[in-house]
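Engineer: just to be clear, the model below is a prediction. Sequence and coordinates:
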Amino acid sequence: MQYLLLIYRNENYMTEMNAADRQKLAGEYGAYTQSIIQSGHFKAGDGLQPTTTATTVRVRDGKTMTTDGPFAETREQLGGYYLVEAKDLDDAVALASRIPEAKRGSIEVRPVMIYK
């Protein structure tokens, strides 16, 4: 079964990090990504640009409206994702718990709907 592991973090934390800490975190993500590629769990994954680059789209009464930024103000923002193949929720949770951001932010684990 496929699961989406949504990575939430406080964007301010990232901008306040010094270069050495950012490089260390990038290394942790690289190692994690390689480990799930080698284990066969990895399907896809990417980081996202900051919420300042986001656009929210709504259609009301046939009219498309756009708003700069994310839909809601929150303490943590969606920073990236992994799409993984896991045998069950426990397996997906185990994968999510190893994502470096789990130590500071949170990881939402969601089963993917497969349409046939």
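Structural biologist: In hand now; what should we look at? Numbers count the residues shown, from 1 in each chain.

Engineer: which other helices and strands does the lowest-mean-pLDDT helix or strand in the chain contact?
Structural biologist: Sorting the helices and strands of the chain by mean pLDDT, DSSP states H and E puts helix 11-16 at the bottom, at a mean of 84. Contacts defined by 3 or more CB pairs under 8 Å, 6 or more residues apart in numbering; DSSP states H and E place helix 11-16 against strand 77-85. C-betas here are computed from N, CA, C, even on glycine.

Engineer: in the strand it packs on, which residues are buried?
Structural biologist: 77-82, 84-85 (16 or more other CB atoms under 10 Å).

Engineer: can you classify A96 by secondary structure?
Structural biologist: The three-state assignment at A96 reads helix, by DSSP: H, G, I helix; E, B strand; the rest coil.

Engineer: list the contacts of it.
Structural biologist: Taking CB atoms under 8 Å, 6 or more residues apart in numbering, we find A96 in contact with 5, 102, 107, 109.

Engineer: narrow these to those that are buried.
Structural biologist: Taking 16+ other CB under 10 Å as the criterion, what is buried in the contacts of A96 is 5, 107, 109.

Engineer: and the second one, what element?
Structural biologist: Using DSSP states H and E, I107 maps to strand 106-111.

Engineer: where in the chain is pLDDT low?
Structural biologist: 70-73 (pLDDT under 70).

Engineer: and the strands in it?
Structural biologist: 2-9, 42-47, 55-60, 63-68, 77-85, 106-111 (DSSP state E).
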